[in-house]
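> turn this into a model:
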Amino acid sequence: MSRLEMIEHVETPRKVVAITFDDGPNPVYTLKVLDIFEKIAGKVTFFMIGRHMEEHPEIVEAVKLQGHEIGNHTYSHARLTSLDEDDCLQEMERTDAMIAAMTGRKAVIFRPPYLDYNETVISMCHHFGYKMIGALNTDALDWEQPGVDYIVQKTRNHIKNGSILLFHDGFGDRLQTIEAVKILVSELQLQGYEFVTISELLRLRTTN
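Below you'll find the predicted structure:
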């Protein structure tokens with residue numbers, strides 16, 4: 001089977017970044033993210049967990065209405081490399097169907113929990129027609145709540161045209177992430193960057 005790359009960055013002459021959020025939707029932190037980007041008319045991508053989508057359909061609707069992208073992050077945040085093929089399929093299929101039903105659009109992107117994947121996961125991505133999305137700033141470790149300054153400093157090291165950046169809006173206290181994103185968005189705006197969805201970024205890769 002052909003290898004499926006994990007896309008962390010797209011070469012483009014345009015000053016664009018794709019900011020992504022994993023593990024939502026969350027009734028507190030996802031709404032804070034929406035507020036940040038509504039003020040600047042920027043777009044982001046949410047890799048949502050199916051179980052959380054079931055619990056908070058109104059948040060999914062709010063994300064959809066603001067024009068952000070939703071990608072598949074499995075149903076229960078299982079480590080897919082520890083599952084057999086049928087269970088892996090079910091984890092991805094349930095959320096794939098949920099995204100289509102709740103947004104009217106099929107998901108085209110996928111991020112494996114823990115960024116952990118193997119041949120089975122690659123095969124599933126081919127099956128669903130997904131691009132598999134990573135990120136450059138995984139060393140920012142925002143999910144561990146290492147401090148706002150730490151998240152900001154580590155992420156700054158990865159800012160360039162076409163960067164894909166990873167943050168979290170679900171599981172636990174995400175106030176550090178929210179504060180860090182506010183700082184970074186303000187800086188990036190001043191530097192002339194646009195905030196685009198993953199699909200918008202991938203289209204730049206094919207047109208430039």
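
> contacts for the worst-scoring helix or strand of the chain on mean pLDDT, please.
Lowest on mean pLDDT, DSSP states H and E among the helices and strands of the chain sits helix 198-207, with a mean of 87. By CB atoms under 8 Å, 6 or more residues apart in numbering, the surrounding residues in contact with helix 198-207 are 7, 10-12, 14, 16, 18, 20, 43, 45, 69, 71, 108-109, 131, 133, 162, 164, 196. Placement of C-beta: from N, CA and C, glycine included.

> identify the single longest helix in the chain, thanks.
Ordering each helix of the chain by length in residues (DSSP state H) puts helix 85-103 first.

> would you mind listing the buried residues in that helix?
By 16 or more other CB atoms under 10 Å, the buried positions in helix 85-103 come out as C88, L89, E91, M92, E93, R94, T95, D96, M98, I99, M102, T103.

> low-confidence stretches in the chain?
In the predicted model of the chain, residues 1-3, 206-208 satisfy pLDDT under 70.

> quick one, what contacts H158?
L136, N137, L165.

> distance to L31 added to those residues, as JSON lines?
Converted to JSON lines, those look like this (distance: CB to CB, whole Å):
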{"residue": "L136", "distance to L31": "26"}
{"residue": "N137", "distance to L31": "23"}
{"residue": "L165", "distance to L31": "20"}
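
> of these - the most surrounded one?
Within the contacts of H158, most neighbours by other CB atoms under 10 Å means L165, with 25 neighbours.

> what's the neighbour count on L141?
Count around L141 with other CB under 10 Å applied: 14.

> same question, A135
Neighbour count of A135, defined by other CB under 10 Å: 23.

> chain neighbours aside, what residue packs nearest to it?
Counting by CB to CB, 6 or more residues apart in numbering, A135 lies nearest to L166, which is 3.4 Å off, once chain neighbours are set aside.

> could you tell me how many residues sit around the one you found?
Using other CB under 10 Å, the number of residues around L166 comes to 25.

> that one and F37, how far apart?
From L166 over to F37 the distance is 16 Å, taken as CB to CB, to the nearest Å.

> now do I70
In this view, I70 and F37 are 14 Å apart by CB to CB.

> go on, T81?
In terms of CB to CB, T81 sits 32 Å off from F37.

> for the two, indicate the residue with more neighbours.
Higher neighbour count among T81 and F37: F37, with 18 against 15, using other CB under 10 Å.

> against I70, how distant is the residue nearest to A135?
To I70, L166 is 16 Å away according to CB to CB.

> which one of the contacts of H158 is nearest R51?
L165 (24.6 Å; CB to CB).

> name the next helix or strand following the helix or strand hosting that closest one along the chain.
L165 is part of strand 163-168, with elements assigned from DSSP states H and E. Per DSSP H and E, the first helix or strand lying C-terminal to strand 163-168 is helix 175-190.

> name the next helix or strand downstream of that next one, please.
Following helix 175-190 in sequence, per DSSP H and E, is strand 194-195.

> all good on my end, thank you.
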